[in-house]
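Asks: Predicted coordinates and the sequence they were generated for:
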Amino acid sequence: MSKAIVIDHPLVQHKLTLMRRKETSTANFRRLLREISTLLAYEVTRDLALETETIETPLATIQAPVLSSKKLCLVSILRAGNGLLDGMLDLIPSARVGHVGLYRDPATLQAVEYYCKLPSDIGERLAIVLDPMLATGHSAVAALDRIKTRGAKNIKFVCLVAAPEGVKTLQAGHPDVPIYAAAVDSHLNDHGYIVPGLGDAGDRLFGTK
């Protein structure tokens with residue numbers, strides 16, 4: 001799993017543990033997801049390119065660093081991806097936002113598309129694709145297929161928890177896309193859920209069953 005980058009910052013790991021607890025309320029789960037996504041954004045954007053521009057401080061004129069060229073597009077895989085989106089926008093408010101709507105067929109576990117809306121210039125931006133859980137990997141691969149079809153070339157995938165099976169599937173389908181995760185867990189169960197995981201992230205985020 002050479003391209004599964006585990007973000008082991010102590011705050012990330014602590015907040016993830018709180019989210020895993022089955023007694024964590026919907027409100028606290030939502031708050032923690034927003035907080036942890038900001039921390040993930042900090043790590044995922046660590047290698048953004050910089051250029052300099054001339055500015056005036058109250059005391060001097062200097063060459064100061066700013067982000068170079070086109071910036072970012074955050075792409076949420078609906079619906080749970082929106083939980084990561086809010087916290088990242090807190091840190092990167094100027095980012096463009098795209099959405100890919102997929103649901104998992106309960107019989108085949110394959111991803112089915114129902115919505116896709118992306119910026120027209122996504123090929124000029126770093127696309128950071130968001131989904132809290134990388135389980136089977138089918139939804140992630142399907143989302144990346146669609147994003148690449150629309151021109152994206154520079155892509156990173158961000159999740160909270162991944163299963164080894166999902167990492168393998170995503171890497172096989174898109175070996176050029178690095179995976180950022182707060183944890184890579186043990187395995188998938190017979191229903192395609194990550195173990196030990198944290199349950200269904202969408203249900204816990206929105207208070208549904």
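Replies: Thanks, I have the structure now. Numbers count the residues shown, from 1 in each chain.

Asks: Ala182 contacts Leu18, doesn't it?
Replies: No: the criterion here is Cβ atoms under 8 Å, and Ala182 misses it with Leu18 at 11.9 Å. Using the backbone N, CA and C atoms, a C-beta is placed for each residue, glycine as well.

Asks: State the pLDDT value of Leu109.
Replies: Listed pLDDT for Leu109 reads 65.

Asks: for the residue located most distally from the centre of the chain, phi and psi?
Replies: What lies farthest from the middle of the chain is Leu59; by Cα atoms, centre = their mean that is 40.4 Å. Here is the backbone geometry of Leu59 (degrees, to the nearest 10): phi -120, psi -20.

Asks: Tell me the spatial nearest neighbour of Leu16, not counting adjacent residues.
Replies: Nearest residue to Leu16 in three dimensions, chain neighbours excluded: Ala182, at 4.8 Å (Cβ to Cβ, 6 or more residues apart in numbering).

Asks: er, Asp145 actually
Replies: Closest to Asp145 by Cβ to Cβ, 6+ apart is Gly173, at 7.6 Å.

Asks: Tell me the spacing between the one you found and Thr108.
Replies: 16 Å (Cβ to Cβ, to the nearest Å).

Asks: Looking at these two now, which is surrounded by more residues?
Replies: Gly173 (15 against 9; other Cβ atoms under 10 Å).

Asks: which ones are touching that one?
Replies: Contacts for Gly173 (Cβ atoms under 8 Å, 6 or more residues apart in numbering) come out as 137, 141, 144-145.

Asks: 10 Å - rerun?
Replies: Taking Cβ atoms under 10 Å, 6 or more residues apart in numbering, we find Gly173 in contact with 137-138, 140-142, 144-145.

Asks: if you look at the residues you listed, which of them are in helices?
Replies: Judged by DSSP state H, helices contain the following of the contacts of Gly173: 138, 140-142, 144-145.

Asks: Ala49: which of these is nearest?
Replies: Leu144 (22.3 Å; Cβ to Cβ).

Asks: got the contact list for the residue nearest to the closest one when sequence neighbours are not counted?
Replies: Of all residues not flanking Leu144 in the chain, His174 sits nearest, at 4.8 Å (Cβ to Cβ, 6+ apart). Going by Cβ under 10 Å, 6+ apart, His174 touches 3, 129, 137, 140-141, 143-145, 147-148, 155, 157.

Asks: sorry, back to before: which single one of the contacts of Gly173 is nearest to Ser94?
Replies: Leu144 (23.7 Å).

Asks: what's that closest one in contact with, if anything?
Replies: Applying Cβ under 10 Å, 6+ apart to Leu144 gives the contacts 75, 77, 100, 127, 129, 137, 152, 155, 157, 170, 173-174, 176-177.

Asks: Same list, the residues you listed, but as JSON lines with pLDDT, distance to Gln63 and secondary structure please.
Replies: Shown next, in JSON lines, are those (pLDDT from 0 to 100; distance: Cβ to Cβ, whole Å; DSSP: H, G, I helix; E, B strand; the rest coil):
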{"residue": "Val75", "pLDDT": "97", "distance to Gln63": "33", "secondary structure": "strand"}
{"residue": "Ile77", "pLDDT": "93", "distance to Gln63": "39", "secondary structure": "strand"}
{"residue": "Val100", "pLDDT": "95", "distance to Gln63": "39", "secondary structure": "strand"}
{"residue": "Ala127", "pLDDT": "96", "distance to Gln63": "30", "secondary structure": "strand"}
{"residue": "Val129", "pLDDT": "97", "distance to Gln63": "34", "secondary structure": "strand"}
{"residue": "Gly137", "pLDDT": "91", "distance to Gln63": "44", "secondary structure": "coil"}
{"residue": "Ala152", "pLDDT": "95", "distance to Gln63": "32", "secondary structure": "coil"}
{"residue": "Ile155", "pLDDT": "96", "distance to Gln63": "31", "secondary structure": "strand"}
{"residue": "Phe157", "pLDDT": "97", "distance to Gln63": "34", "secondary structure": "strand"}
{"residue": "Leu170", "pLDDT": "96", "distance to Gln63": "40", "secondary structure": "helix"}
{"residue": "Gly173", "pLDDT": "95", "distance to Gln63": "43", "secondary structure": "helix"}
{"residue": "His174", "pLDDT": "96", "distance to Gln63": "38", "secondary structure": "coil"}
{"residue": "Asp176", "pLDDT": "94", "distance to Gln63": "34", "secondary structure": "coil"}
{"residue": "Val177", "pLDDT": "96", "distance to Gln63": "34", "secondary structure": "coil"}
